[in-house]
Every structure is written in structure tokens, then in C-alpha cells.
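# turn this into a model:
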Amino acid sequence: MVSTWRACRRGRCIIDNGAHWNQFPKHENEPLKLCFPEGKIAYMKAGKYTPPKEFLLFIDSSFTEILNRQSDYIIIDITEGGGFTILTDSFISYITDHSFCNLEKKMIRLSRSNQFRGKVFILAGPRTYSASSRLTAIAKCYTDAYRE
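Numbers count the residues shown, from 1 in each chain. Now for the predicted structure:
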């Protein structure tokens, strides 16, 4: 069982009793997926960052399609994945227009090509590791993905 935690933000408290590892099913048969479940919502699953060329092609073509469809919202599902941490730079550049720090001594400058300007929601969980956990941390610091 994941331990209980409490988070307070702007006067509201959330208590989470956690979950057992078995409650999070694996879906490795589709590690990379893009779909548009409803209206202006895009859903992107990025469960595996390797092989690098395939992953980079996937995110670039996905954000091209998201912009072509004029989506207002994107849900980025990284609940089961990671690997190849250096690809985090490429991924995060699609959802922020700020320079950001990935590693302590590395600053990244961005190109505005295919950059998403709508609302970003990132799903993460116990199977989020490596590059995906880094993406979550960078997004929390340098985007509005976690802000109200």
C-alpha cells in the first residue's frame, strides 16, 4: 500500500490513502498513442521513450495533429513509462514557451514550432519513472499544467 499523504493548497486539503501496486494495470501493448476522445480534447499516451527516433517522430507528428485539429486541451498520460531521460527536453518544449532547466547545469532554449497553447493535464502514477518523472517535475516548474 502506498502511504497516506496530505496536500494543502490555497486553503483546501486533500487526503489520499494511496493504492496498491496491483490497482495499476499495465498496458504495454500500446506504449505510444494519440487519440481525440471528445471535441477539442487530445489524449496522448507516452509510455515508452525508446527507441529515441520513433519517440521523437511520435511526439512531433502528434503535436502537429493536435494543432491541426485546434485542440484546446491535451491529456498527457505518462502513468507507465519513461526511459531515455534526454528526450524529456524535446517533449517539454511542445508545452512551454519558457526556457527551462532540466539538469542543474543545462538550459534549453525553445523553438515555437508545433507548440501547444491550450490546457495541459499530465497523468502520472506509481509506474511513472525515469524520463516521465523528470517530465512531470519540469512541467510543474515551467508550465501551467499543474496550476488552476
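
# okay, now Ala131: neighbour count?
Ala131 has 24 neighbours, counted by other CB atoms under 10 Å. The way it works is simple: take the backbone N, C-alpha and C, and place the C-beta from them, glycine included.

# check Cys35 too.
Neighbour count of Cys35, defined by other CB under 10 Å: 11.

# list the contacts for the residue lying closest to it once chain neighbours are set aside?
The shortest distance from Cys35 to any residue other than its chain neighbours is 5.2 Å, reached at Tyr43 (CB to CB, 6 or more residues apart in numbering). By CB atoms under 8 Å, 6 or more residues apart in numbering, the contact set of Tyr43 is Lys33, Leu34, Cys35, Phe36, Pro37, Ile74, Ile75, Asp77.

# most neighbours, which of these?
Most neighbours among those, by other CB under 10 Å: Ile74, with 23 neighbours.

# how far off centre is the helix or strand containing that one?
If you go by DSSP states H and E, Ile74 is part of strand 73-77. In terms of CA atoms, centre = their mean, to the nearest Å, the centre of strand 73-77 is set 7 Å apart from its chain centre.

# what about this protein, any weak spots by pLDDT?
Low-confidence segments of the chain, defined by pLDDT under 70, span residues 1-28, 101-111, 146-148.

# which helix in it runs the most residues?
Among the elements of type helix in the chain, defined by DSSP state H, the one spanning the most residues is helix 52-68.

# what's in contact with it?
Helix 52-68 has contacts (CB under 8 Å, 6+ apart) with 32, 34, 42, 44, 46, 48-49, 74, 84, 87, 90-91, 94, 114-116.

# which stretches of the chain form strands?
If you assign secondary structure with DSSP state E, the strands in the chain sit at 5-9, 12-16, 32-38, 41-46, 73-77, 80-81, 100-101, 107-108, 119-123, 127-128.

# sheet partners, orientation included, of the fourth one?
With DSSP bridges as the criterion, the sheet partners recorded for strand 41-46 are strand 32-38 (antiparallel), strand 73-77 (parallel).

# which among the ones you listed is found nearest to Thr128?
Thr128 lies closest, by CB to CB, to one member of the strands paired with strand 41-46: strand 73-77, at 9.6 Å.
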